[in-house]
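>>> Task: produce atomic coordinates for the following.
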Amino acid sequence: MKLENFDVYQRESRKTWNLVHTDHPIVYPTLGLVNEAGELAGKVKKIFRDKEGVISEADRHALKLELGDVLWYLAQIATELDLSLQEVAEANLEKLFDRMARGQIKGEGDYR
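Down below sits the predicted model:
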């Protein structure tokens, strides 16, 4: 579809939009998790952009704090789903070792 300008895009794209009600306790921590993961990624990006990938002690400390924020939101999501972080971690390792045993550790797709 060829567009004349972004006003057309905006008007046309709105035809595909539906309001999704998010009155559920998992929404806030999920958005928080994505936000904190983005902050972590931003700090890592700047380390490679500005410091040639050299991670200083100050950077390490800042990354540790961001990882803590990621962990907090992850724990809240798991709690809302009635999952323990222990069982999430165990299921993750089980999945990864199964993929490794089948030679599928690389690639794409949840069920490879």
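
>>> pLDDT at Asp50, what is it?
You'll see Asp50 listed with a pLDDT of 98.

>>> residues contacting it?
Applying C-beta atoms under 8 Å, 6 or more residues apart in numbering to Asp50 gives no contacts. C-beta: built from backbone N, CA, C; applies to glycine.

>>> Let me know the helix or strand that it is in.
Taking DSSP states H and E as the criterion, the element that holds Asp50 is helix 27-51.

>>> buried sites along that helix?
Residues of helix 27-51 classed as buried: 29-30, 32-33, 36-37, 39-40, 47 (neighbour count, 16 or more other C-beta atoms under 10 Å).

>>> Quick one: name whatever helix or strand follows it.
helix 57-80.

>>> Residues in contact with that following helix: which ones?
Defining contact as C-beta under 8 Å, 6+ apart, one finds that helix 57-80 is touched by 25-26, 29-30, 32-33, 36-37, 39-40, 43-44, 47, 51, 55, 84-85, 88.

>>> for stretch 9-21, same thing?
Contact with stretch 9-21 is made by 1, 3, as judged by C-beta under 8 Å, 6+ apart.

>>> Can you get me the start-to-end distance on that stretch?
Terminal residues of stretch 9-21 lie 24 Å apart, using C-alpha to C-alpha, to the nearest Å.

>>> Report the distance from that stretch to the chain centre.
Remark: stretch 9-21 is offset 24 Å from the chain centroid, using C-alpha atoms, centre = their mean, to the nearest Å.
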